[in-house]
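>>> I'll drop the sequence and a predicted model, then ask my questions.
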Amino acid sequence: MATVTVLHLSKASCASFVDSELRSFHSRRRTQNSRNQITAYKGLRSENMVDSLRLLQSNAKATSRQTKKAVRGGASGRPLAVVICGKGMNLVFVGAEMAPWSKTGGLGDVLGGLPPAMAANGHRVMTIAPRYDQYKDGWDTSVQVELKVGNRVETVGFFHCYKRGVDRVFVDHPMFLAKVWGKTGGKIYGPVTGTDYEDNQQRFSLFCQAALEAPRVLLHLNNSEYYSGPYGEDVLFIANDWHTGVLPCYLKSTYQSRGIYKNAKVAFCIHNIVYQGRFAFSDFPLLNLPDEFKSSLDFTDGYDQPVKGRKINWMKAGIIESDRVVTVSPNYAVELVSGEETGVELDDVLRMTGVTGIVNGMDVNEWNPSTDKYISTNYDTATVMDGKPLNKEALQAEVGLPVDRNIPVIAFLGRLEEQKGSDIFAAAIPEFMDENVQVIVLGTGKEKLERQLAQLEDMFPDKLRAHLKFNVPLAHAIMGGADLLAVTSRFEPCGLIQLQGMRYGIPPVCSTTGGLVDTVKEGITGFHMGRFSANCNVVDKDDIEKVVKTVKRAIKVYGTPAFARMIQNGMKQDLSWKGPAKKWEQFLMSLGATGSEPGIDGEEIAPLAIENMATP
Ligand SMILES: Nc1ncnc2c1ncn2[C@@H]1O[C@H](COP(=O)(O)OP(=O)(O)O[C@H]2O[C@H](CO)[C@@H](O)[C@H](O)[C@H]2O)[C@@H](O)[C@H]1O
């Protein structure tokens, strides 16, 4: 069967598409076929061009002879189907990490996966992240701008590549590259996990200002057949987490006050309310913002860190100064406004602004058990019951546990921090180790929590392995071979780990919080343990009991027809970005940015992405 190239054309690009097709036909030797096609395209140029093109939407339904011919072969001889879409939106995602170029966790994953899904839906999409390494696919645009940070003027550059329909822009400055020199790791935010760089305010102030410059100064982004030139000023910024909290302040103070970006809007996305960017109030002058923004940043808490009392709070400014606030699951949105503990002292501000919850998708290409290069036996829903035991044996051998396909393997994967409840899980492990079970942990994080798991490995040498590192191939191998996934989070805005688990046929055993409630269904796709105490300073005895009880319950179900059904239910879900991207489109349309129009129902990968084009 011939492959049909689907062209997603906005109304505006129809004319240039038809013109270029005609030019191409005219320069070729005329055959009866090409003459027919020219006639067809000429028809399309007429006033009712849009209607004519609409006819082409489905080549099966096309009736007129000429239309059929046009559908059968475009200028390049490729079969065509044309889909008309609205003009779409100009979207600019801004974030401190962006997979696969940089990632410490889920924020990187989201900014890697959501933008291509929005591009596939017919929007023009740019992402902006710092350049932490000499990315081999990033080209130097030679565009430079000067920006004021504190009392210094800094020069930043912009690197660029075009992938999966998205303009990926990297902000180049020694404050990022010289500090990190690498792809991943805690070094993005501080020298070691849990410690921030002293100049993080300057770093991210520079980053926010550079992000606002990029859509204006990068004038020659001509990679896409349908989009070229600058993004213009009718742009919708999507700022992510505290590192981008002051972006809307700079938008207003530096640009909109001078008549630039008059119609631009900002949506602020909360991936984790716990990290808010709280600094000494006396640091306000560092930001070079007018005094009118003081109140949006002003914040007082009862803690001594980094100074006692009055502070500035970047996330608070992001929430107040943006046009709309969004977070990564509907249940987390409810939790954020439910009280001081779950809203981490910004609940009152969020009750004022409101917050929309949209559940995250996942990268179904990177995480695909039927093509995954890191697992020994690929499998799908039909072959999972044969594939998983083979992968389990390979995994057991790889980590050095007794190889036995009949022993259920429980995995824990994630940052070793109180949020993820690795301390609760560690406290629960000795209580269920009398079961016929093996445990594999993969994670890095706080030293104290790493030590705790290392000690457990000494206690249970034949039953537990703790790999205290960030290791993508092993993460995939674990998903391929494990039977159960322990997700013991005290709070979890969305969580991607459980999505990855379900896609690989692993029912999660999870706490009942945040996005875990929205994504895991008790008895259908996984097991719920109940809600844990959100107090990160203590391990609640009741919570340990909840873990032990639910793990034992899950082990009982393991190997039964009910367990097999859970595996199928999990694997058969569409966990891709396709659905969430449509919800994001509705949300972003509601901001009413000038010129915004809905896109189309696209596939997750932009169909005609021309990758790795240099910026002229
Ligand atoms: N040691 C290791 N080796 C290899 N890979 C590892 C790893 N440890 C973690 N990962 C990977 O990092 C990602 C973690 O993503 P999560 O969404 O589960 O958590 P995180 O708390 O970082 O994200 C925050 O932002 C996201 C995005 O919005 C929210 O889903 C989440 O709830 C919120 O806390 C997954 O892709 C996982 O595979």
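Arrived safely, thanks for sending.
>>> The stretch 351-500 of the chain: strands as residue ranges?
Ranges of strands in the stretch 351-500 of the chain, per DSSP state E, counting those that start in this stretch, are 356-357, 409-413, 438-442, 464-467, 484-487.
>>> Which stretch among those is buried most, on average?
Ranked by mean neighbour count, the strands of the stretch 351-500 of the chain are led by strand 484-487 with a mean of 28 (mean count of other Cβ atoms under 10 Å). For the C-beta atoms, the positions are set from N, CA and C on the backbone; glycine is no exception.
>>> Kindly point out the strands partnered with that strand and how each is oriented relative to it.
Strands flanking strand 484-487 in the sheet, each with its direction: strand 409-413 (parallel), strand 508-510 (parallel) (DSSP bridges).
>>> how about those in a markdown table, adding mean pLDDT?
A markdown table is the format used below for those (pLDDT from 0 to 100):
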| stretch | mean pLDDT |
| --- | --- |
| strand 409-413 | 98 |
| strand 508-510 | 98 |
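>>> what's the closest of those to the ligand?
strand 409-413 (5.7 Å; Cβ to the nearest ligand atom).
>>> CA atoms of that closest one as PDB?
Only the C-alpha atoms of strand 409-413 are listed here, as PDB (Å, rounded to 0.1, in the frame of the first residue of the first chain):
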ATOM      1  CA  VAL A 409      10.400  -8.500  41.300                       C
ATOM      2  CA  ILE A 410       9.300  -5.200  42.800                       C
ATOM      3  CA  ALA A 411      11.100  -2.100  41.400                       C
ATOM      4  CA  PHE A 412      11.500   1.400  42.800                       C
ATOM      5  CA  LEU A 413      12.800   4.000  40.400                       C
END
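>>> between that strand and strand 438-442, how big is the angle?
Here strand 409-413 runs at an angle of 20 degrees relative to strand 438-442 (axes from the mean of the first three to the mean of the last three Cα atoms, to 10 degrees).
>>> Let me see the backbone angles for Asp167.
phi -80, psi 110 (degrees, to the nearest 10).
>>> Skipping adjacent residues, who's closest to it in space?
Met126 (4.3 Å; Cβ to Cβ, 6 or more residues apart in numbering).
>>> Which residue does the stretch 501-616 of the chain have closest to the ligand?
With Cβ to the nearest ligand atom, the shortest gap between the stretch 501-616 of the chain and the ligand falls at Gly515, namely 5.9 Å.
>>> so how many other residues sit close to that residue?
Neighbourhood size, Gly515 [other Cβ atoms under 10 Å]: 29.
>>> Can you pull up the residues of this protein that come close to the ligand?
105-107, 109-110, 271-272, 328, 360, 413-415, 442-444, 470-472, 475, 492-497, 500, 515 (Cβ under 6 Å from any ligand atom).
>>> Now the buried members of those.
For the residues of the chain next to the ligand, a burial check counting by 16 or more other Cβ atoms under 10 Å picks out 105-107, 109-110, 271-272, 328, 360, 413-415, 442-444, 470, 475, 492-497, 500, 515.
>>> just how off-centre is stretch 124-141 within its chain?
Relative to its parent chain, stretch 124-141 has a centroid offset of 16 Å by Cα atoms, centre = their mean, to the nearest Å.
>>> now stretch 351-371
Stretch 351-371 sits 7 Å away from the centroid of its parent chain (Cα atoms, centre = their mean).
>>> again with stretch 318-337
So, by Cα atoms, centre = their mean, the centroid of stretch 318-337 is 16 Å from its chain's centroid.
>>> can you give me the end-to-end distance of that stretch?
Terminal residues of stretch 318-337 are spaced 16 Å apart (Cα to Cα, to the nearest Å).
>>> buried residues in stretch 332-340?
Residues 332-333, 335-337 are the ones in stretch 332-340 that count as buried (16+ other Cβ under 10 Å).
>>> hmm, back to that, for the residue of the stretch 501-616 of the chain closest to the ligand, what are its contacts?
328-329, 331-332, 359-360, 492-495 (Cβ atoms under 8 Å, 6 or more residues apart in numbering).
>>> try 6 Å
Taking Cβ atoms under 6 Å, 6 or more residues apart in numbering, we find Gly515 in contact with 329, 332, 492-495.
>>> State the mean pLDDT of the helix or strand where it lies.
Using DSSP states H and E, Gly515 falls within helix 514-519. Average pLDDT, helix 514-519: 98.
>>> try stretch 530-548
For stretch 530-548, the per-residue pLDDT averages 95.
>>> again, but for stretch 359-367
Mean predicted lDDT for stretch 359-367 stands at 94.
>>> And for stretch 100-116?
93.
>>> How far off centre is it?
Stretch 100-116 sits 4 Å away from the centroid of its parent chain (Cα atoms, centre = their mean).
>>> quick one: contacts of that stretch?
By Cβ under 6 Å, 6+ apart, the residues outside stretch 100-116 that reach it are 93, 95, 97-99, 125, 127, 132, 135, 164-166, 184, 188, 271, 360, 363, 415, 496, 577.
>>> And stretch 491-509, by the same measure?
So stretch 491-509 is in contact with 106, 109, 271-272, 328-329, 332, 360, 362, 367, 369, 384, 413-414, 479, 482, 484-487, 510, 513-516, 519-520, 525-527, 534, 550-551, 554, 566-567, 570-571, 575, going by Cβ under 6 Å, 6+ apart.
>>> What distance separates the opening and closing residues of that stretch?
Start-to-end, stretch 491-509 (Cα to Cα) is 14 Å.
>>> Over to stretch 252-262?
Stretch 252-262 has an end-to-end distance of 9 Å (Cα to Cα).
>>> For that stretch, what is the distance to the chain centroid?
Taking Cα atoms, centre = their mean, one finds stretch 252-262 lying 29 Å from the centre of the chain it belongs to.
>>> do stretch 580-596 as well
That offset, for stretch 580-596, works out to 17 Å (Cα atoms, centre = their mean).
>>> One more: stretch 559-574?
In terms of Cα atoms, centre = their mean, the gap separating the centre of stretch 559-574 from the centre of its chain is 26 Å.
>>> Quick check: buried residues in that stretch?
Neighbour-count burial for stretch 559-574 flags 563, 566-567, 569-571 (criterion: 16+ other Cβ under 10 Å).
>>> May I see those residues arranged in a markdown table, with secondary structure and pLDDT as well?
Formatted as a markdown table, the buried residues of stretch 559-574 follow (DSSP: H, G, I helix; E, B strand; the rest coil; pLDDT from 0 to 100):
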| residue | secondary structure | pLDDT |
| --- | --- | --- |
| Phe563 | helix | 98 |
| Met566 | helix | 98 |
| Ile567 | helix | 98 |
| Asn569 | helix | 98 |
| Gly570 | helix | 98 |
| Met571 | helix | 98 |
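>>> so where's the chain shaky on pLDDT?
For the chain, applying pLDDT under 70 flags the ranges 1-87, 182-186, 219, 224-228, 595, 600-616.
>>> Spatially central residue for it, please.
For the chain, the residue nearest the mean C-alpha position is Val110 (0.4 Å; Cα atoms, centre = their mean).
>>> Surely that one is in a helix?
Yes - membership of Val110 in a helix is supported by DSSP: H, G, I helix; E, B strand; the rest coil.
>>> what about it, distance to Val547?
27 Å (Cβ to Cβ, to the nearest Å).
>>> List the contacts of Met488.
For residue 488 the amino acid is Thr, not Met. Each residue near Thr488 by Cβ under 6 Å, 6+ apart is listed here: 421, 424-425, 511, 547.
>>> Could you do Asn406 as well?
Residues counted as contacts of Asn406 (Cβ under 6 Å, 6+ apart): none.
>>> which phi and psi does it have?
When quoted as degrees, to the nearest 10, the phi and psi of Asn406 stand at phi -90, psi -10.
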